[in-house]
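> this one's structure only:
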């Protein structure tokens, strides 16, 4: 058992040393993936766009850390990419419930609202980002751009 734990820790540390090995984005607890091999593997699956694997691994990590807003955000993002919008909204809303200032969750849920044709929902999260990001942040810029593209269609 100890050998397996050491191997998992080594794999996590190795993956963390590879630039771009994990999904990029705002995280309130960036160190969490370093402590949990399933979380690290889930983020790597996201980087590889292997959404089903990401969900499976992140759900394992969620059993140990259900109140991690970053993990909830990545679960939402993975479900969104599989067009499982109801599940995506559930996880994004949980992330925001856990951390009302979670920039990544506000951006991603706003983009998901656009995917389902709900401009007002997206604009609510844009307003939240405007309050959160006193200085311009990437999440604010990205959601503004997504809304502008949506309005041009």
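Received, thanks. What you are looking at is a predicted structure, and each value in this text was computed from that prediction instead of being measured. Residues are numbered from 1 along each chain as shown.

> which stretches of this protein form helices?
2-17, 32-35, 37-47, 51-64, 69-81, 85-98, 103-115, 119-132, 138-152 (DSSP state H).

> Packing partners of the last one?
Secondary structure elements in contact with helix 138-152, counted by 3 or more Cβ pairs under 8 Å, 6 or more residues apart in numbering; DSSP states H and E, are helix 103-115, helix 119-132. The C-beta positions use only the backbone N, C-alpha and C, and glycine is treated the same way.

> Average pLDDT for the last one, rounded please.
Think helix 119-132. For helix 119-132, mean pLDDT is 98.

> One more: the shortest one?
Along helix 103-115, the predicted confidence averages to a pLDDT of 98.

> packing partners for it?
helix 69-81, helix 85-98, helix 119-132, helix 138-152.

> Could you pull out the buried residues of the third one?
This points to helix 119-132. The neighbour-count check on helix 119-132 (16 or more other Cβ atoms under 10 Å) flags 121, 122, 125, 126, 128, 129, 132 as buried.

> so the fifth one touches residue 109, yeah?
Translated: residue 128. No. Applying Cβ atoms under 8 Å as the test, residue 128 and residue 109 come out as separate, 9.5 Å apart.

> Could you give the number of residues near residue 35?
14 (other Cβ atoms under 10 Å).

> how far away is the closest residue to residue 27 other than its chain neighbours from residue 76?
Closest residue in space to residue 27, ignoring its immediate chain neighbours: residue 70 at 4.3 Å, by Cβ to Cβ, 6 or more residues apart in numbering. According to Cβ to Cβ, to the nearest Å, residue 70 stands 11 Å off from residue 76.

> Quickly list what's touching both of these two.
Common contacts of residue 70 and residue 76, defined by Cβ atoms under 8 Å, 6 or more residues apart in numbering, comprise residue 95.
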